[in-house]
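S.K.: sharing a model prediction with you, sequence too.
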Amino acid sequence: MTIYTIYSIQRKDKPEHKYIGQTTRKCPKYRYHSHLYDLRNGIHDNLHLQHAWNKYGENLFEFVIRDQTAKSLNELNELEIQYIAAEGYYNIFAGGLNSQHTTETKLKIGKSNKGKVRSVQTRQKLSEISKQAWKDPILREKMIKGMLKRPPLSTETKLKISNALKGIKRNPFSESHKEKMKKARVGQHRGESNPNAKLNPSQVLEIRRLHGAGCNKVKLAKQFGIGVSGIKKICYRITWKHI
């Protein structure tokens, strides 16, 4: 059952200074967690609320459920517009769009961002934000769901990407980087010493002997309890090379 909620993020000392929002989540506080993450990292899309948060601090704000009487998304949108008009001190937009941009707005955003190149500092900051987000189980679940919802690339889009990458020369690894990679590989667990190993050396040798005698890889996989791809790698010495 969908719960249609109007909520506010407001100052404890001045409750009239509030941000109004809406959510259809069963637990409205999950929506607040998303706001918290953005506000704590200084990336909230509402700059008015972000500036107040930075100035007065997190402890001076609270999350309040205001209304759960709406029975549909249209009713929720109408309620949000009314609440924002009456109380939305920190709100920038009139609301009522269920947090979705119109096609016209999307095109404007796309045009304004076209050709922009992010600085190294910005890329590093975004990378750190993504790493922190992945550690949060709620945000990680949200990110995974978003990835799964993405539609597959069309043939036209694939061709565009392919044409855009043609002729681009990627910088080869420097000698110092190659040396670092080499050192990182030294001492890596191999074969039986690997904690994830499912086989021992005698079983590996037996797999190779049976394969050489004409035994089917599928049968070998069932017999030794590993995948067919694992059997192939053992037989062709991609893995367990040292035996």
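M.R.: Cool, the structure landed.
S.K.: from Tyr7, how far out is the residue lying farthest from the centre of the chain?
M.R.: The C-alpha centroid of the chain is most remote from Ala213, which lies 48.0 Å away (C-alpha atoms, centre = their mean). Going from Ala213 to Tyr7 by C-beta to C-beta, to the nearest Å gives 69 Å. Quick note: C-beta positions are derived from backbone N, CA and C, even for glycine.
S.K.: next one: Trp53
M.R.: For Trp53, the distance to Tyr7 (C-beta to C-beta) stands at 16 Å.
S.K.: and Pro28, by the same measure?
M.R.: Distance, Pro28 to Tyr7, by C-beta to C-beta: 6 Å.
S.K.: and those two? Which one has more around it.
M.R.: Neighbour comparison, Pro28 and Tyr7: the larger count goes to Tyr7, with 24 against 21 (by other C-beta atoms under 10 Å).
S.K.: on that earlier part again, and for Pro28 and Tyr7, which residues touch both?
M.R.: Contact criterion C-beta atoms under 8 Å, 6 or more residues apart in numbering; residues shared by Pro28 and Tyr7: Ile65.
S.K.: list the residues that contact Ala70.
M.R.: Ala70 neighbours (C-beta under 8 Å, 6+ apart): 4, 6, 76, 78-79.
S.K.: right, I mislabeled it, should have said His51
M.R.: Neighbour list for His51: empty [criterion: C-beta under 8 Å, 6+ apart].
S.K.: Glu62 and Asp13 touch, don't they?
M.R.: No - assessed by C-beta atoms under 8 Å, Glu62 is found out of contact with Asp13, at 10.5 Å.
S.K.: these two: which has the busier surroundings?
M.R.: Neighbour comparison, Glu62 and Asp13: the larger count goes to Glu62, with 14 against 9 (by other C-beta under 10 Å).
S.K.: the more buried one pairs with what?
M.R.: Note on Glu62: beta-bridge partners Gln10, judged by DSSP bridges.
S.K.: if I look at it, how far off is Ser34?
M.R.: For Glu62, the distance to Ser34 (C-beta to C-beta) stands at 16 Å.
S.K.: number of nearby residues for the nearest residue to Phe63 once chain neighbours are set aside?
M.R.: Closest residue to Phe63 apart from its sequence neighbours, by C-beta to C-beta, 6 or more residues apart in numbering: Tyr32 at 4.4 Å. Residues near Tyr32, counting by other C-beta under 10 Å, number 19.
S.K.: now swap in Pro152 and tell me
M.R.: Pro152 is flanked by 7 other residues according to other C-beta under 10 Å.
S.K.: in a helix, Val218, correct?
M.R.: Yes - under DSSP: H, G, I helix; E, B strand; the rest coil, Val218 sits within a helix.
S.K.: so what's it up against?
M.R.: If you count contacts by C-beta under 8 Å, 6+ apart, Val218 has them with Val228.
S.K.: quick one: low-confidence ranges for this structure?
M.R.: For the chain, the stretches with pLDDT under 70 are 97-103, 105-106, 109, 133, 138-139, 142-143, 145-150, 169-171, 185-191.
S.K.: would you map out the domains in it?
M.R.: Domain segmentation of the chain under automatic domain parsing yields 5-101, 194-235.
S.K.: tell me which of these sits most buried.
M.R.: domain 5-101 (a mean of 16; mean count of other C-beta atoms under 10 Å).
S.K.: much appreciated, bye for now.
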